[in-house]
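*Asks:* Show me how the following folds:
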Amino acid sequence: MPRRRDRVAPPPRKDGWDCRFANNTAAKSWVQLSTNAPNNIRTAWEHITEDPRRWDKRQKPLQHELATAIADGTELPQWQYEVTSSGRIWYCIDDDKKTVWLTTVHIGHPKATE
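*Replies:* Purely as a prediction, here's the structure:
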C-alpha cells in the first residue's frame, strides 16, 4: 500500500514532473480510484506529470479557499483533475522541486466544489 511521500508510479519521464502523495489518505484513495477507473487514472497521471498547469475541461485550478493547500510543508497552488464524471484528483504544484503533490483523491464528487 502506498504511503505519504511515496512516488505515484511510474517514475517521471525525462523533463516530466515527479508525482508524489501528500498524505496517506490520498495514497489509499488513489488505489481505490485506480481500481475503479484504471484507464482514466493513467490518462490523468500522464496529463498531470506532463503539464500540471494545462487548462482544459478536465484540468483547472481550484478557486477561493481551495486555491492553495499545504504540501511538503509549503503552501502551494492547488489544481483539480476530473478523472471521471465524479472522481477528482486535487494536487499542488511545487515549481522549485518540479513535483506535483496529490493532496486529495475523491472517489465521488467533492462537496466542497459544488
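
*Asks:* So what touches the strand or helix carrying residue 102?
*Replies:* Using DSSP states H and E, residue 102 sits within strand 99-106. Applying Cβ atoms under 8 Å, 6 or more residues apart in numbering, the external contacts of strand 99-106 come out as 8, 17-23, 25-27, 29-30, 32-33, 48-49, 52, 69, 71-72, 76, 78, 86-94, 110. Backbone N, C-alpha and C define where each C-beta goes, glycine included.

*Asks:* Quick one: buried ones out of those residues?
*Replies:* A residue is treated as buried here by neighbour count (16 or more other Cβ atoms under 10 Å); on that basis the buried members of these are 8, 17, 19-23, 26-27, 29-30, 33, 48-49, 52, 69, 71, 76, 78, 87-94, 110.

*Asks:* Out of those, which sit inside strands?
*Replies:* Taking DSSP state E, the ones among the buried ones among the contacts of strand 99-106 that sit in strands are 19-21, 69, 71, 76, 78, 88-94.

*Asks:* Can you lay out those as CSV showing distance to residue 41 and pLDDT?
*Replies:* Conversion of those to CSV gives the following (distance: Cβ to Cβ, whole Å; pLDDT from 0 to 100):
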residue, distance to residue 41, pLDDT
19, 12, 93
20, 16, 93
21, 14, 93
69, 20, 97
71, 19, 95
76, 22, 98
78, 19, 98
88, 11, 95
89, 8, 97
90, 14, 97
91, 13, 98
92, 18, 98
93, 19, 98
94, 21, 98
